[in-house]
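Participant: Here is a sequence together with a model predicted from it:
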Amino acid sequence: MTGHARQPSLVIYLPDLSGGGAERLHVSLAPLFVEAGYKVTFLLNRLRGELLPQLPAGCAVHAIEADRQIRAMPKLVRYLRHARPDVLIANMEHMNVMAVAARFLARGPTRIVVSQHSVFSEQIKLGSWQFRVLPLLYRLAMPFADKIVTVSDGVADDLAMVTGLSRNAMTVIHNGVVTGDFEARSAAAPTHPWFAEDRPVVLGMGRLVPQKDFPTLIRAFERIAEATDARLVILGEGPMRSELEAQVRSLGALSARIALPGFVADPLPLLRRARLFVLSSRNEGFGNVIAEALACGTPVVSTDCPHGPAEILDFGRYGDLTPVGDAEALGRAILAALVRPFDRAELARRGHVFSMKKCAADYRLLLEELRD
């Protein structure tokens, strides 16, 4: 950043504004950056996504219209040459690499902050060569990033172990989930009728993708169905919908107690009224929805997946942790949590540790360190 009195410019680089964790985080952080005096622009590969209508006032949006990341490269270089923002915050692995490379090619003054939201060792297992080459690309590119941010200590440890990058070069900034309007939003009427009834609802939420392992959650619910009259709701949309619907249909009469209502723009009213939130993921960089559930005072059961959930739950103090992929253990933990009394105020206090104000303050401190 320059030391001039002019308004500093901050660009947030994302694939689009779909409802993922990184996208939600930055849409919520942006007003706090604007309030702090930054000129904020969302730079997107594609102008699409459920969160587009939620773009904060005072923020610009610019799409470079690239359907693949490699095609975004020349457009990103041109953008940096023309716009010359003070800081660009990149998100997602390939975008992190591209941002560092584009700044080099643009030969501009932009400071690059790369952020690691997911578990790097899991990302490089995705199969295609584009992911297998990431450790090499990170070793080559990341030393030239101005700041490396990770969303949890576990993600930082994993990134350092896999890439050989210095752990000391990484700054951990936990995601913020509790916004200024959190209480008002969560107090709104739920959008699904089951949450207005007396029967307990077990809630899962996330993109319908293998990482979230909803098949294990459904199997866990099947195992405990006779011991409880609870219902299961899984919020989210994604490529596994037809597979999950087929799994639910195969359960016969029990299928009437399982719902997959799709994407919900604001899940907080449902989180607050759920008897229990369950995260069944195979891996999570952080696990925003766990912190959201706690902040609502809702009990949580989670797989002890790498790396965020255990940090949020203080390694079991604020919610049970079960082995990844173990439907039997997950079912037992769900059943126990449905009958156990919880101090909802204590859970809410823990959730409020992960406030958007704290996250924004940590980012602003980071940005201040980049000033000349």
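Facilitator: Received the coordinates, thanks.
Participant: tell me the SS of Arg46?
Facilitator: Following DSSP: H, G, I helix; E, B strand; the rest coil, the label given to Arg46 is coil.
Participant: List the buried residues for stretch 314-323?
Facilitator: Tyr318, Gly319, Asp320, Leu321, Thr322 (16 or more other CB atoms under 10 Å). Backbone N, C-alpha and C define where each C-beta goes, glycine included.
Participant: Can I take it that the fourth one is in a helix?
Facilitator: No - Leu321: not assigned to a helix; according to three-state DSSP it is strand.
Participant: That one against Thr303, yeah?
Facilitator: Yes - assessed by CB atoms under 8 Å, Leu321 is found in contact with Thr303 at 7.1 Å.
Participant: list residues touching both of these two?
Facilitator: Residues touching both Leu321 and Thr303 by CB atoms under 8 Å, 6 or more residues apart in numbering: Pro309.
Participant: rewinding a little: tabulate the buried residues of stretch 314-323 (TSV), appending pLDDT and distance to Gly180.
Facilitator: Listed next are the buried residues of stretch 314-323 as TSV, based on pLDDT from 0 to 100; distance: CB to CB, whole Å:
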residue	pLDDT	distance to Gly180
Tyr318	98	23
Gly319	98	25
Asp320	98	31
Leu321	98	31
Thr322	98	34
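Participant: Just put those in TSV and tack on distance to Ser115.
Facilitator: Formatted as TSV, the buried residues of stretch 314-323 follow (distance: CB to CB, whole Å):
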residue	distance to Ser115
Tyr318	25
Gly319	26
Asp320	30
Leu321	26
Thr322	29
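Participant: out of those, which one sits closest to Pro261?
Facilitator: Ranked by distance to Pro261 (CB to CB), those are led by Gly319 at 24.1 Å.
Participant: residues touching the closest one, list them.
Facilitator: Taking CB under 8 Å, 6+ apart as the test, what Gly319 contacts is Ile290, Leu294, Pro299, Val300, Val301, Ser302, Leu313.
Participant: farthest pair in these?
Facilitator: Maximum pairwise distance among those (CB to CB): 12.0 Å, between Leu294 and Val301.
Participant: quick one: the helices in the stretch 51-200 of the chain?
Facilitator: 69-83, 93-106, 120-123, 129-132, 134-141, 153-163, 182-186 (DSSP state H, counting those that start in this stretch).
Participant: Extract the C-alpha trace of stretch 281-289 and format it as PDB.
Facilitator: Only the C-alpha atoms of stretch 281-289 are listed here, as PDB (Å, rounded to 0.1, in the frame of the first residue of the first chain):
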ATOM      1  CA  SER A 281     -17.500 -33.700   6.800                       C
ATOM      2  CA  ARG A 282     -14.300 -35.600   5.800                       C
ATOM      3  CA  ASN A 283     -12.300 -32.400   6.100                       C
ATOM      4  CA  GLU A 284     -12.900 -28.700   6.800                       C
ATOM      5  CA  GLY A 285     -10.500 -25.800   6.700                       C
ATOM      6  CA  PHE A 286     -12.600 -24.100   9.400                       C
ATOM      7  CA  GLY A 287     -16.200 -25.000   9.600                       C
ATOM      8  CA  ASN A 288     -18.200 -21.700   9.700                       C
ATOM      9  CA  VAL A 289     -21.500 -23.400  10.300                       C
END
